[in-house]
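A.B. asks: Quick one, fold the following:
(3 chains)
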Amino acid sequence: MEFLKGLNAQQREAVTHTEGPLLILAGAGSGKTRVITHRIAHIICSKHVAPSAILAVTFTNKAAGEMRERVAGLLENEGLDSQPTVSTFHSFCVRLLRRDGDGLARIRPGFTRRFSIYDDDDQLLIIKAAYRSLGLDEKDFLQYRAALSRISHTKNLKQTPQDLYRTATSKEQERLAALFEAYEKALHMANALDFDDLLLEAVRLLEHDEATREAWNRRLSYVMIDEYQDTNRCQYELMCLLSQSHQNVCVVGDEDQSIYSWRGADIRNILDFERDFPKAKIIRLEQNYRSTKNILSAAGAVVENNKARKGKKLWTESEAGDLLGLYPAFDAENEALFIADSIDKQLASHPDDAIAVLYRTNFQSRQLEEALRRYGRKYNIVGGFSFYQRAEIKDTIAYLRLSVSTADSVSLLRVINTPARGIGRTTVEQIEAQAREKGISLWAAIEQTIDGHQLSTRSQSSLVTFRNVIQELALVASAEPLPDLIKFLLDRTGYRKMLEQEKTPEAEARQENLDELITAATEAVERGETVWEFLDHAALVAEADAYDEKAAVTLMTLHNAKGLEFPVVFIAGMELGLFPHSRSMNSEEMLEEERRLCYVGMTRAQKRLILSWAKYRRRFGGGEQERSTPSWFLSEIPENLLVNLGPQEDTGEVDLTAERYDARQSARRNTYTGKAYNSLENITQFFSERGIAFNPPKPAPPPRPQPRQAPVIPPRPSLPAKPLPPPAAPPRRITRAGMTVEHPKYGKGTVVRREGDGENAKITVNFPQHGLKKLVEKYAGLKRD
DNA sequence: TGATTGTTTGCTCCA
DNA sequence: CAAACAATCA
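C.D. replies: Prediction:
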């Protein structure tokens, strides 16, 4: 069979083992995408299975698109009339619910197939409203986000608010139950599903609606799931429900790359697969085709420190390659400049090498972007502020959602007074109270309020205007094509006018974004999509979907880098508190996940891998620079695989400071404070508008040649490589970052950072129960643990 | 009511 | 350093 050509023995086995449950443990870079695509092609061609009987699930829409293309490429000459279904779990569930979801109305009050999808901004608004209605305050209860995550967790355990009430043993648990109840009620009232619901309700639908379940089981005969290590319980159940009759499930994953437990991913899905499917066949792909030996051994050495793993050893036939670079920067700005400079040099000698700069948190991108801009380097950025998160886009989407579903209260609140039409806080509060009292939707409350003439004439007329606008939109929505609807909407609501009157460059940019939205809508219609599909798409596009492989330089978080590969990779900000993140330093499990994240990042690199950290970093925009400690992960890499790219320790700081001053001056001239524009064109335009020539500065930091080979390892953390229990020999300072301390009131916590010296030093401590607290050392009464 | 100004607070990671 | 929130004034 020609689909087996060029595959190694294990890969071939994985492709040809088509019947029954199959677990493929695929190490990083072991060719798993290849295996999946070839397996699909093999099933279709040699087993004569209709493509539509195959479902493949990927992690992002982008990955789904790529896989679809690759399969189509393989099957190009086969003259097939259908394509296999390749999608993410979430997209699949949305389609399922929109198509076959009617039966759900029996078990979910108020549900119709015209539901809205609420993203986390929407969720936040709901939870805030719930706090308000219960008279709770974020300050003396959980933070909104924490409450949401607790609720999400509870939902995924299939527990209801009533379950929570029943098991509640404290006031706090009762409050959480009440919040949960209010939150769920608000979603039901708005006929909205959050991301958890998409999966949960799809499972419930398949469980309760026998006809639908059987139809899907008849239709599908092979199910494949990629990135299986990052599936949650619900996705697992969905998989089981869809493959009940045939059990032809093939899952592909790598327990060392499980990095989404915070989102509910359950690593047991992969660790217990054999137990759940006793007849399962297991195939290991351990030959790595991506990275050099040095990169692979370094990454392996790091992840080896994890206990919760099955353990496997990747190997490669490739050469040793370069040593890994290590750059201890003076501060974050210097780090960014070093990276920009190294990229310049790299591209000068290897213009075709794609380069990725990876970091733990989105906010780090800022300084990196600035440095790249100053080098005049075009770059691609994944995440941060995505198109669909921009205010003007969300507003327009909210109008669209309202025009097809007036029940959508979050959208309603979002636009009820944008543009300003005289409906202020008090009016809105009145409507909300009315809705709460009568248990009706906000829209219904508005209609009642209008009919009852309960408001001042002014508010009354404003409200009538709003209602008329929405009714008119609904009318147009049912008659006109989507792009025309959007144009009409922007006109009729006065939204475009509002932007025009602003006359600022930002407002202009916003208008352009809206034009882009109209273009997107036009294209969607050309593809034959309905309004609903368009809105679903807007809700489900992922950060990673925006990644464009054509740009030479790509900036993204480590999470977004999953599944990708680059000849050259930088990982920035390898410091304690940042990576591993301070919020993940309190338990061994969380730390292991951070370590896996590090492993994922390192194994993205094919030829060169450069790690950096900054000795001083500002935590917030304004404040003081704070001293940082190198990441534990750095010291887990064998020294003989590293080469120091920074100046020598003793002489280094002086030069770096001088350089830093230079850089500051030049940055001061060149920085601007507008929105982060992502393309060089915009930046150049920005400067030309201001009459400043934009010339990429002379390469800034001088990583000078290394006289000796002996690498200078970053000052070893004076902490043991294992975080808990912590250190032994703090000199006269009572506390240091990374240390566990005990506070008389808050109990045990981990020191995250320290500012200042002596007994007046302020330290930030992370207490698992109480979150971050800033304490003055001499008053805090801390005891070393 | 709504615009303006002042003040505070916050940084995970994402479908 | 921003966005989000609060307070103030027109």
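
A.B. asks: Near the nearest residue in space to A:Asp256 that is not next to it in sequence, how many other residues are there?
C.D. replies: What sits nearest to A:Asp256 in space, not counting adjacent residues and going by CB to CB, 6 or more residues apart in numbering, is A:Val303, at 5.1 Å. Using the backbone N, CA and C atoms, a C-beta is placed for each residue, glycine as well. Counted by other CB atoms under 10 Å, the residues lying close to A:Val303 total 25.

A.B. asks: in the strand or helix carrying A:Ser478, what's buried?
C.D. replies: Take DSSP states H and E as the rule and A:Ser478 turns out to sit in helix A:457-479. Under the neighbour-count criterion of 16 or more other CB atoms under 10 Å, helix A:457-479 has A:459-460, A:462-463, A:466-467, A:469-470, A:473, A:476-477 buried.

A.B. asks: and of those residues, the nearest to DNA strand C?
C.D. replies: Nearest to DNA strand C, judged by CB to the nearest atom of the strand, of those is A:Ser459 at 15.0 Å.

A.B. asks: Tell me the spacing between that closest one and DNA strand B.
C.D. replies: Distance, A:Ser459 to DNA strand B, by CB to the nearest atom of the strand, to the nearest Å: 5 Å.

A.B. asks: residues from the stretch 301-450 of chain A in reach of DNA strand B?
C.D. replies: Applying CB under 7 Å from any atom of the strand, one finds that the stretch 301-450 of chain A approaches DNA strand B through A:360-363, A:383, A:417, A:420-427.

A.B. asks: Closest one to A:Ile486 out of those, please.
C.D. replies: A:Arg421 (19.4 Å; CB to CB).

A.B. asks: Could you measure from the closest one over to A:Thr427?
C.D. replies: 11 Å (CB to CB, to the nearest Å).

A.B. asks: which of the two has more neighbours?
C.D. replies: A:Thr427 (21 against 16).

A.B. asks: Provide a list of residues in contact with the residue lying closest to that one once chain neighbours are set aside.
C.D. replies: Excluding its sequence neighbours, the residue lying closest to A:Thr427 (CB to CB, 6+ apart) is A:Ser459, at 4.8 Å. For A:Ser459, the contacting residues are A:422-424, A:427, by CB atoms under 8 Å, 6 or more residues apart in numbering.

A.B. asks: burial count for the residue in the stretch 101-250 of chain A positioned nearest to DNA strand B?
C.D. replies: Taking CB to the nearest atom of the strand as the measure, the stretch 101-250 of chain A has A:Phe195 as its residue closest to DNA strand B, at 3.4 Å. Neighbourhood size, A:Phe195 [other CB under 10 Å]: 19.

A.B. asks: what do you get for the one 4 residues further on?
C.D. replies: A:Leu199 sits with 24 neighbouring residues when counted by other CB under 10 Å.

A.B. asks: Check A:Glu319 too.
C.D. replies: Using other CB under 10 Å, A:Glu319 is surrounded by 9 other residues.

A.B. asks: Close to DNA strand C: what parts of the stretch 101-250 of chain A are there?
C.D. replies: A:Lys128.
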